[in-house]
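1. Need the 3D shape of this:
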Amino acid sequence: MNVVQTNDAIYIDQDDYVCDLCHVSVGKDRALQKDAALNKKDVKALRAVSGQLLWVSSNTRPDIAFDSCAVSNYGKSPIIKNLHEANKAVDRVKKSSPKLVFPNLENPELWKVKVYSDASHANLWNGASQGGYLVFIEGNGRLSPMVWRSKKLNRVTKSPLASEAMAFAEAADAGYLV
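-> Numbering: from 1, shown residues only. So this is what the prediction gives:
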């Protein structure tokens, strides 16, 4: 991690780590067989990329939380198409290099906790729903990120409202903890 501290804020990024992320290579002939099962070597490589994306998203890049969750949920029988999607996720991560900013919020007695949540119903490859949240501390008109998460919801939901409610419940718990 790269950390820079000024009088106004602390800036954190993982640009060096992100630069080292690599695509999972597949031969040209196999790349065209999008529904073909992965061999053990490719499954291992896909899991490695998944772990790298999860590491970046959980530490400094909430903007890629959905992609990292999607890649990590390809299941027990991933296919070539999943490798292509993982490689696209790596490209998206490398395309930008935002910094995580923790501004000086000044007087802690005036701080407030702000929580945002969202969910998508049945948007993952296996029909599962995805939910996520961001928790900030607000002070002096500035927001500082404290915790974020995007993950497959623990239960199958039957409607968008149910997905939103589950994501909101987890967000409220995280906000209360902060």
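
2. Tell me which residue is most central in the protein.
-> The central residue of the chain, meaning the one whose C-alpha is nearest the mean C-alpha position (Cα atoms, centre = their mean), is residue 65 at 1.2 Å.

3. pLDDT weak spots in this protein?
-> Residues of the chain that meet the criterion pLDDT under 70 lie in 125.

4. Domain map for it?
-> Here the domain assignment for the chain is 2-95, 105-177, based on automatic domain parsing.

5. so how many other residues sit close to the nearest residue to residue 38 once chain neighbours are set aside?
-> Of all residues beyond its chain neighbours, the one nearest residue 38 is residue 78 (5.0 Å), with distances taken as Cβ to Cβ, 6 or more residues apart in numbering. Any C-beta I mention is one placed from the backbone N, CA and C, and that applies to glycine too. Neighbour count for residue 78, taken as other Cβ atoms under 10 Å: 20.

6. Quickly find the element holding residue 148.
-> When elements are assigned from DSSP states H and E, residue 148 belongs to strand 142-152.

7. on contacts alone, who are the packing partners of that strand?
-> If contacts are counted by 3 or more Cβ pairs under 8 Å, 6 or more residues apart in numbering; DSSP states H and E, strand 142-152 sits against helix 65-72, strand 100-103, strand 130-139, helix 160-177.
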